[in-house]
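*Asks:* Would you be able to build a 3D model of this:
(2 chains)
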Amino acid sequence: MECVFGMVGKGFALVVADSSAVNSILVHKSNEDKIMVLDSHKLMGASGEAGDRAQFTEYVQKNVSLYHYRNGIPLTTKAAANFMRGELATALRKNPYMVNIVLAGYDKETGPSLYFIDYIATLHKVDKAAFGYGSYFALSMMDRHYHPDMTVDEAIKLADQCIEEIRSRLVVAPQNFIIKIVDQDGAREHSWRRTTKD
Amino acid sequence: MKLDFSGLESSAPLYGGPNELLCDGFSAAPSFDLPVTSDFDGFQKNSIQMVKPAKGTTTLAFIFKEGVMVAADSRASMGGYISSQSVKKIIEINPYMLGTMAGGAADCQFWHRNLGIKCRLHELANKRRISVTGASKLLANILYSYRGMGLSVGTMIAGWDEKGPGLYYVDSEGGRLKGTKFSVGSGSPYAYGVLDSGYKYDLTIDEAAELARRAIYHATFRDGASGGVASVYHVGPTGWTKLSGDDVGELHYSYYPVEPAVVEQEMTEAVAA
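*Replies:* I've put the predicted structure just below:
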């Protein structure tokens, strides 16, 4: 029931994720932040098994920082995406990580980019991506209404439409969503969409 | 019912059948007695299910103005058999941190003790107490490394450190959640109902203890795998203290006293003629 989706606009990239932490029928928490800020200009929305999600995303974050410290320059979004895919692929036939990731980043030279990385180490550079049961609704909404070079307001409006559709059509829809954005000024939290206060 | 292992026998046995004393163990065909059932596969599945720890318990913890309130029941069950009504499910990791037990008792006790050792080593190495964040991360990493190997642990780490009260939920699937209110175990949905409706951040210690006790009581009332004694602990700035331990049967009658039946007409003894 976890939903993560994202899209690229004009000079920015957006990632939206639900914020529920669920164990069979119980909702333990509905304000869990699943979009990790990888570094100053990268966002990683992750969905999947509880332990794998936290452990893998933190592992990637620490390795990205290490590269930065060792070499003095940060990784590009493309390099970070390929690093993640390599780690998932290596672990796949031994101890697979059950995590699906939407990576959004902004590079000075190439602008905003979005990468779709799934748990069997598939890697695609895309304009829009979605994971989870929510993807059944979000993908078609985005296919219909997305156009290249959208403004922030247009993209937020599309994200809201996707969230509304998920809330009304998914049988056990998540209660709250978090939206994070990355552009030339950096990666930051944009807003929450709540139905419950927790 | 005996399985037929005759196909595994070596073609030329060294010693004859009647001379069993001269046979060494290796040349005899291996066999073992199986239980007498018509459905052996079903029997095997059921016996695994009985032994598998099913987190039959109710534990809860929440943060409020005065610290952390931790409460648990004390029943241990193996399938339909109640093996104990007096299990200590709140484990004292060190004087300012508590852990709760749900799942396999041995797993929880062992790994909480191990966590206590690691916390003490941290204190000695760094000359300061470990934070609740750090302690829960240590436990979560250990449990993550044993993922898929059959550990069954659903625990909450509650403590008071430099940043104030802290509460984390850690389980054997490797999940770790920071929060203000958690309940774990088969009785947890029942406890959540009472806890969510009565919770306010500004409770006094007594009100919070009563809320915790009541939530455990209601869970034990409805959940067969929870019962025994409702223990309530409080973690404050100076460490933890045990507040109460009440038998849930007695709690039932104190919350819902038996009304004496109203008698309309009393029968009197007939005078013997």
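*Asks:* And for the residue of chain B found nearest chain A, nearest residue in space, chain neighbours not counted?
*Replies:* Residue nearest to chain A within chain B (C-beta to the nearest C-beta): B:Gly174, separated by 1.8 Å. C-beta: built from backbone N, CA, C; applies to glycine. Closest residue in space to B:Gly174, ignoring its immediate chain neighbours: A:Gly51 at 1.8 Å, by C-beta to C-beta, 6 or more residues apart in numbering or on different chains.
*Asks:* same deal with A:Phe177?
*Replies:* Leaving aside its chain neighbours, A:Phe177 sits nearest to A:Arg193 (4.4 Å; criterion: C-beta to C-beta, 6+ apart).
*Asks:* need the contact list for the one you found.
*Replies:* The neighbours of A:Arg193, taking C-beta atoms under 8 Å, 6 or more residues apart in numbering or on different chains as the test, are A:Asp160, A:Ile163, A:Asn176, A:Phe177, A:Ile178, A:Ile179.
*Asks:* 7 Å instead, please
*Replies:* Taking C-beta atoms under 7 Å, 6 or more residues apart in numbering or on different chains, we find A:Arg193 in contact with A:Ile163, A:Asn176, A:Phe177.
*Asks:* Tell me the most packed of the residues you listed, by neighbour count.
*Replies:* Neighbour counts for the contacts of A:Arg193, by other C-beta atoms under 10 Å in any protein chain shown, peak at A:Phe177, which reaches 26 neighbours.
*Asks:* Next one: that residue from B:Met69, what distance?
*Replies:* 31 Å (C-beta to C-beta, to the nearest Å).
*Asks:* Then B:Thr238?
*Replies:* Distance from B:Thr238 to B:Met69, by C-beta to C-beta: 15 Å.
*Asks:* More neighbours: the two, which one.
*Replies:* Taking other C-beta under 10 Å, B:Thr238 and B:Met69 do not tie; B:Met69 has more neighbours (30 against 10).
*Asks:* Strands along the chain, start to end?
*Replies:* Using chain A here. Here chain A has its strands, by DSSP state E, at A:4-8, A:12-18, A:21-23, A:26-29, A:35-39, A:42-48, A:99-107, A:111-117, A:123-126, A:128-131, A:177-183, A:186-193.
*Asks:* ah, no, chain B please
*Replies:* Counting by DSSP E, the strands of chain B are B:59-64, B:67-72, B:76-78, B:81-84, B:90-94, B:97-100, B:154-161, B:164-171, B:176-178, B:181-184, B:229-236, B:239-247.
*Asks:* got a pLDDT number for B:Ala28?
*Replies:* Predicted confidence (pLDDT) for B:Ala28: 57.
*Asks:* Equivalent analysis for the one 5 residues further on, please.
*Replies:* The per-residue pLDDT reported for B:Asp33 equals 70.
*Asks:* likewise A:Lys94?
*Replies:* pLDDT for A:Lys94: 89.
*Asks:* Report the separation between it and chain B.
*Replies:* According to C-beta to the nearest C-beta, to the nearest Å, A:Lys94 and chain B sit 12 Å apart.
*Asks:* Next up, phi/psi of that residue, please.
*Replies:* phi -120, psi -60 (degrees, to the nearest 10).
*Asks:* mean confidence for stretch A:139-147?
*Replies:* pLDDT averaged over stretch A:139-147 gives 93.
*Asks:* Sorry, slip of the keys, the one I care about is stretch B:264-273.
*Replies:* Rounded mean pLDDT across stretch B:264-273 is 76.
*Asks:* roughly how far is that stretch from the heart of the chain?
*Replies:* In terms of C-alpha atoms, centre = their mean, to the nearest Å, the centre of stretch B:264-273 is set 56 Å apart from its chain centre.
*Asks:* pLDDT weak spots in chain A?
*Replies:* Along chain A, the parts satisfying pLDDT under 70 run over A:198.
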